[in-house]
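Visitor: generate a structure from the sequence data that follows.
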Amino acid sequence: MDKITLIATAAFGLEAVVANEVKQLGYTDVQVENGKVTFQADLKALARTNLWLRTADRVRLKVGEFKATTFEELFEQTKALPWADWIPKDGAFPVEGKSIKSQLFSVSDCQAIVKKAVVESLKGRYKVEWFEEKGAQYKIEVALLKDIATLTIDTSGAGLHKRGYRDWIGTAPLKETLAAALIQLSYWNPDRLLVDPLCGSGTIPIEAALIGQNIAPGMNRTFACEQWPVIPRTVWRECRAETHDLAQYQRKLNIIGTDFDENILKIARRNAVEAGVEEQIHFQKMSLSQWRSSKKYGVIICNPPYGERLGERKQVEDLYREMGKIFTGYDTWSYYIITSHKDFEKLFGRKANKKRKLYNGAMETHYYQYFGPPPPR
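Guide: Below you'll find the predicted structure:
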């Protein structure tokens, strides 16, 4: 099994960021499409991509792709795929599905047909009539788009945003994967000061610290494919050892997170401890109006409230006006703000140098980027 095809799924707007991460891992045969990045790799990549990808939602193994406009075509072509190369006799293989602009629009029927076809395929290899499915998990997805069926197996298990350090997500959760993307889309680097003046439970500062010290985001969690017999245990040992070898634990960072709520800061500090980066982040109780810095150069990245809830809009708009007054006083800083509010630039008082459409869950947002001059070398 020299070459396999993997799909790193991505939130809309983050495909190029995920593709860049995939290339940095050494996989150069990369194809970028809406919501996914497809690439050719080796068996070892199942471990390495799950351990290292910061901005992808999950990693899927592509088993096959074909046109299917009838249930018979879906059944026969699914059955012909090499399922037994991956799924052992005791493997559990639930099927989920989705269908967009396809003649086979009944997802439940497609799932049932794929399940039956995989069973028939495995019967041919294992010569049994019944599969107990008590072993490792091989969650199959049948995804139909314009009559093209793509059959994949999920390798990640829990989504890759679940790093294992965050036990509380707050009222306005920002996924770890999106927080990492905000940092990678900024001009911040580990030698610069980074401030999140509305840090909440600390996701942006913590993700910055993980990036700054080159700590693999999946270092402290497990993955579905870790239980697959087809991947030798030695591969996982080598790949996990690599995450420790490449981590720069001694690198000192200057990251600050402030918030007016002491209770949420306690959670942020606990999350930083769980992530192993508590010494790299200074959390401090402070309202936005109190925030000041004596540093001439720095980077601000924040995820303020959006004002989506009834009764919050005026309060949020006042906050954006206050942000504009405070931040623009630091004309040698760069600042990056994500929000769904359509009038942010008007309220902030300045047009962004660049803005990028991103999705925070199902919510359309924009990432407003204001560039200050680079600090002197």
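
Visitor: was I right to think residue 17 contacts residue 182?
Guide: No - shown here, residue 17 and residue 182 do not form a contact pair, counting by C-beta atoms under 8 Å, at 9.8 Å. For every residue, glycine as well, the C-beta is placed using N, CA and C.

Visitor: so between those two, which is more surrounded?
Guide: The residue with more neighbours, out of residue 17 and residue 182, is residue 182; 28 against 22, by other C-beta atoms under 10 Å.

Visitor: looking at this, the more buried one is in a helix?
Guide: Yes - assessed by DSSP: H, G, I helix; E, B strand; the rest coil, residue 182 belongs to a helix.

Visitor: what is the neighbour count of the closest residue to it other than its chain neighbours?
Guide: Nearest non-adjacent residue to residue 182, counting by C-beta to C-beta, 6 or more residues apart in numbering: residue 301, 5.6 Å away. Counted with other C-beta under 10 Å, residues neighbouring residue 301 total 26.

Visitor: list the contacts for residue 301?
Guide: Applying C-beta atoms under 8 Å, 6 or more residues apart in numbering, we find residue 301 in contact with 182, 183, 186, 188, 194, 195, 196, 204, 208, 335, 336.

Visitor: same question for residue 39.
Guide: Residue 39 is in contact with 5, 6, 8, 22, 27, 29, 30, 31, counting by C-beta under 8 Å, 6+ apart.

Visitor: quick one: what helix or strand has it in it?
Guide: Taking DSSP states H and E as the definition, residue 39 sits inside strand 36-41.

Visitor: show me how far the next helix or strand after that strand is from its chain's centre.
Guide: Note on strand 36-41: by DSSP H and E, the next helix or strand toward the C-terminus is helix 45-52. Computed by C-alpha atoms, centre = their mean, to the nearest Å, the chain-centroid distance of helix 45-52 equals 13 Å.

Visitor: what does the next helix or strand after helix 45-52 contact?
Guide: Where DSSP H and E defines the elements, the next helix or strand beyond helix 45-52 is strand 58-67. Contact with strand 58-67 is made by 4-9, 38, 46, 49-50, 53, 73, 77-78, 81-83, 86, 140-141, 147-156, 159-160, 225, as judged by C-beta under 8 Å, 6+ apart.

Visitor: coming back round to it: now the contacts of residue 301 in TSV, with pLDDT, secondary structure and distance to residue 377?
Guide: Converted to TSV, those look like this (pLDDT from 0 to 100; DSSP: H, G, I helix; E, B strand; the rest coil; distance: C-beta to C-beta, whole Å):
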residue	pLDDT	secondary structure	distance to residue 377
182	98	helix	25
183	98	helix	22
186	97	coil	19
188	97	coil	16
194	98	strand	19
195	98	strand	22
196	98	strand	26
204	98	helix	26
208	98	helix	22
335	97	strand	22
336	98	strand	22
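
Visitor: tell me which residues touch residue 153, please.
Guide: Applying C-beta under 8 Å, 6+ apart, the residues near residue 153 are 60, 61, 63, 86, 87, 93, 138, 139, 140, 141.

Visitor: just those residues: which are in helices?
Guide: With helices defined by DSSP state H, no entry of these lies inside them.

Visitor: between these, which is nearest residue 128?
Guide: The closest of those to residue 128 turns out to be residue 87 (C-beta to C-beta; 12.8 Å).
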